[in-house]
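Novice: predicted model and sequence follow; I will ask about them next.
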Amino acid sequence: MTFGMILRLGVLVMLGLFLATPEWFAPLFAPLTRNGQAAIYTQNSLLNLTLNHLGIVALATLAGSLVATGLAVLVTRPAWREFLPLSRTIANAGQTFPPVAVLALAVPILGFGTAPTLLALFLYGLLPIFENAVTGIGSVSPQVQDAALGSGMTETQKLWQVEFPLALPAILGGIRLSAAISMGTATIGSTVAASTLGETIIAGLINSNLAFVAQGALVVGALAIILNDVFLALERYFSRYARVQKT
């Protein structure tokens with residue numbers, strides 16, 4: 001077991017302990033408080049906030065992955081390639097508007113809570129998934145595609161049995177970037193009453209309590225590290241699978 005693996009395992013264990021029994025860590029955060037402020041955020045369960053935060057990120061990333069990958073598949077088909085510039089413009093538009101602006105525009109329509117946050121994260125996460133999917137599918141060599149068709153596959157079979165498996169590592173790389181962006185950006189959802197770890201950060205800013213700010217930031221950071229490692233492991237696995245398929 002390498003030092004990096006030990007370090008990441010330690011992060012996971014510490015995160016689990018902190019979320020299960022945050023009061024144990026009060027002495028660590030106490031120096032960040034003043035005038036007798038509480039060292040641990042107790043207005044809401046940190047575990048519940050973390051699960052809600054992960055749920056919002058997972059839903060937004062899943063929706064973005066389905067839409068962006070589906071669009072990438074569509075515009076890499078010969079009959080639809082002329083729509084690639086338009087599709088790229090649509091995907092770019094999601095990052096043209098800052099998530100805060102999307103929230104401000106969405107709240108009058110969707111109301112306060114989770115819905116506007118999901119919309120903001122969905123739009124903001126489209127671009128990396130779309131670009132990676134287009135690159136991954138487009139990088140499958142013509143020789144491989146011709147061999148698949150020569151073996152009797154239909155275009156649909158070629159897509160799902162050859163192109164998509166070979167492009168999967170690149171697609172997962174895009175999903176990893178999108179999920180990492182969403183993990184940090186989701187904290188702003190608490191400004192419109194979504195239940196995220198941003199609640200502790202906002203409470204800390206309002207009350208000038210750095211301990212609360214640190215707790216929210218550290219949990220989000222630890223989650224981002226763990227999520228990144230999970231996707232990297234998946235990318236490595238499917239990269240090996242893709243190499244086997246090519247041979």
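Specialist: The structure has been received and is ready for your questions.
Novice: just the element for residue 48, please.
Specialist: Assigned by DSSP states H and E, residue 48 belongs to helix 46-75.
Novice: what does the helix or strand following that helix rub up against?
Specialist: Counting by DSSP H and E, the next helix or strand C-terminal to helix 46-75 is helix 84-96. Helix 84-96 is touched from outside by 68, 71-72, 74-76, 122-127, 130-131, 134, with contacts defined as Cβ atoms under 8 Å, 6 or more residues apart in numbering. Glycine gets a C-beta too; all of them are placed from N, C-alpha and C.
Novice: which strands or helices does the helix holding residue 48 pack on?
Specialist: Here helix 46-75 touches helix 3-20, helix 84-96, helix 114-124, helix 126-138, helix 164-185, helix 198-206, helix 210-246, going by 3 or more Cβ pairs under 8 Å, 6 or more residues apart in numbering; DSSP states H and E.
Novice: just give me how far the longest one sits from the chain centre.
Specialist: In this view, helix 210-246 has its centroid 9 Å away from the chain centroid, taken as Cα atoms, centre = their mean, to the nearest Å.
Novice: identify each buried residue in it, please.
Specialist: The neighbour-count check on helix 210-246 (16 or more other Cβ atoms under 10 Å) flags 210-220, 222-225, 227-229, 231, 234-235, 238-239, 242 as buried.
Novice: can you give me the angle it makes with helix 198-206?
Specialist: Orientation check (axes from the mean of the first three to the mean of the last three Cα atoms, to 10 degrees): helix 210-246 against helix 198-206 gives 150 degrees.
Novice: now swap in the third one and tell me
Specialist: Direction vectors for helix 114-124 and helix 198-206, defined by the same axes, to 10 degrees, enclose an angle of 100 degrees.
Novice: what's the helix or strand of the chain with the lowest mean pLDDT in contact with?
Specialist: Counting by mean pLDDT, DSSP states H and E, the chain has its least confident helix or strand at helix 142-150, which shows a mean of 82. Identification of contacts with helix 142-150 by Cβ under 8 Å, 6+ apart yields 155, 157-158, 161-163, 166, 246.
Novice: give me the most central residue, this structure.
Specialist: residue 179 (0.8 Å; Cα atoms, centre = their mean).
Novice: how about that residue: what's its closest non-neighbour residue?
Specialist: Spatial nearest neighbour of residue 179, chain neighbours left out: residue 61 (4.7 Å); criterion: Cβ to Cβ, 6 or more residues apart in numbering.
Novice: same check, this time on residue 26
Specialist: Leaving aside its sequence neighbours, residue 26 sits nearest to residue 39 (Cβ to Cβ, 6+ apart; 4.3 Å).
Novice: do residue 30 as well
Specialist: Once flanking residues are discounted, residue 30 sits nearest to residue 39: 4.5 Å by Cβ to Cβ, 6+ apart.
Novice: helix, strand or coil: sort out the one you found for me.
Specialist: Three-state assignment for residue 39 (DSSP: H, G, I helix; E, B strand; the rest coil): coil.
Novice: so what's it up against?
Specialist: Listed by Cβ under 8 Å, 6+ apart, the contact set of residue 39 reads 26-27, 29-30, 32-33, 211.
Novice: from the residues you listed, which is closest to residue 202?
Specialist: Taking Cβ to Cβ as the measure, residue 202 lies nearest residue 211 of those, at 13.8 Å.
Novice: would you agree that closest one is in contact with residue 25?
Specialist: No. Using Cβ atoms under 8 Å, residue 211 is not in contact with residue 25; the gap is 9.8 Å.
Novice: and for these two, which residues touch both?
Specialist: Jointly contacting residue 211 and residue 25 under the rule Cβ under 8 Å, 6+ apart are residue 40.
Novice: quick one: low-confidence parts of this protein?
Specialist: The model of the chain has pLDDT under 70 over residues 1, 241-247.
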